[in-house]
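[1] Can you look at this prediction? I've put the sequence above it.
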Amino acid sequence: MDDHIQQAWQFYRNLGSPKFICAPMVDQSELAFRMQTRKYGTTLAYTPMLHSRIMTESKSYKDEFFTTCPEDRPLFAQLCGHDPQVIIKAALMIQDQCDAIDLNFGCPQGIARKGLYGAFLLEKREQVLTIVKELKQNIKVPVTCKIRVFKDRKRTLDLTKDIQSAGCSILTVHGRTKEQNKDFVGQCDWNIIAEIKQLLQIPVFANGGIYTWSDVERCLQETKVDAVMSSEALLENPALFSGEIKDLNELALEYMQLAKQYDARLVEIKAHLFKLLYTGLQIHTDQRSKLAAAKTYEEHLEVVIELKNKRADIPKEDKLGWYKRYQNFKQPNQKDKEDDKQENIIQEQDLLLQNYDS
């Protein structure tokens, strides 16, 4: 076992060998939400995706989107971009406040296509490997990566070996292609994740296909990965990794308290509430309209309290439902677009990035 592999495993063990991971999510894995998931079993969390170029050009961007606290550890900060020198510069700005720098090679959104980063950068293999190598050589914390897979299994396996050799200490694999997105999510391929885990020598995290605690257990068993990462399922149920079903109205109220404590932005608060309270909002459409129109913290909190009172007698098991609605496993164009204006967080980030570009 070479030095890099030994160091990767020592790093993972030093973190406490985390198994339950809060994924990087644009405008959604902010400090308040991370702290809530940590309360219920999350043992490692990622920042939202941070745009490396904008971070190096705008102090206000860094101050707004990269927030943490001493209790917010272990923490991986995720950067996107395609220029190694810019990524290095951004990483140096935040490496003292996180445990690793994660490279986003997994974002499938249109903004990533335009900016040549995320899953679209995987098409440029040599550029990806150069970024990993040069970042590892120039920062003092480990480099980790998050990828999506190709349709070609051999191409995927070969790339993961190269990423490991380039200096990646932990690889997270989302078992979907970049085409499996938006109107057609499709099934997550745990088999390719299992193959990657068997092939590589560094720790491997699985991402995708997680809805319940039983899914977490099954994923660990079937793929033999070192940890399971969740995104959408955690958005609906921040207590996912506790293995228990919690009352979502209570969780929403708790989130609001954390949002105030950690100064969450209104766009983050609104998005979280639409997911946490989804089933109740479909019944109490007056509250849904009120939430959509809310413009202050107090107005958002009022919706949470009113909906909690209206649904006090509803069993907590019957309050789940956003994640399954969001996913389309069969064919395109079946997605219910109710409240997409509020729920499409990527579009919100798109506008913010354009503002910082101008």
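    Good, I have the coordinates. Numbers count the residues shown, from 1 in each chain.

[2] okay but L135 is in contact with K89, surely?
    No: assessed by Cβ atoms under 8 Å, L135 is found out of contact with K89, at 10.6 Å. Using the backbone N, CA and C atoms, a C-beta is placed for each residue, glycine as well.

[3] quick one: which of these two has more around it?
    Applying other Cβ atoms under 10 Å to L135 and K89 shows that L135 carries more neighbours, namely 26 against 17.

[4] buried sites along the host helix or strand of the more buried one?
    Taking DSSP states H and E as the criterion, L135 maps to helix 125-138. Buried residues in helix 125-138, counted by 16 or more other Cβ atoms under 10 Å: 128-129, 131-136, 138.

[5] May I have it as CSV, with CA atoms only?
    The C-alpha atoms that make up helix 125-138 are tabulated as CSV, following Å, rounded to 0.1, in the frame of the first residue of the first chain:
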residue,chain,number,x,y,z
ARG,A,125,-10.2,13.6,-18.4
GLU,A,126,-6.8,15.2,-18.4
GLN,A,127,-8.1,18.5,-17.1
VAL,A,128,-9.8,16.7,-14.2
LEU,A,129,-6.7,14.8,-13.3
THR,A,130,-4.6,18.0,-13.5
ILE,A,131,-7.0,19.8,-11.1
VAL,A,132,-6.8,17.0,-8.6
LYS,A,133,-3.0,16.7,-8.8
GLU,A,134,-2.2,20.4,-8.6
LEU,A,135,-4.7,21.0,-5.8
LYS,A,136,-3.3,18.2,-3.7
GLN,A,137,0.2,19.7,-4.2
ASN,A,138,-0.7,23.2,-3.1
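
[6] measure I139 to D99 for me?
    Applying Cβ to Cβ, to the nearest Å, the value for I139 to D99 is 12 Å.

[7] ugh, wrong one, Q257
    Applying Cβ to Cβ, the value for Q257 to D99 is 26 Å.

[8] same check, this time on M229
    The spacing between M229 and D99, counted by Cβ to Cβ, is 15 Å.

[9] Could you check how far H82 is from N104?
    Per Cβ to Cβ, H82 is found 11 Å from N104.

[10] Next, show the common contact partners of the two.
    Shared contacts of H82 and N104, defined by Cβ atoms under 8 Å, 6 or more residues apart in numbering, comprise Y117.
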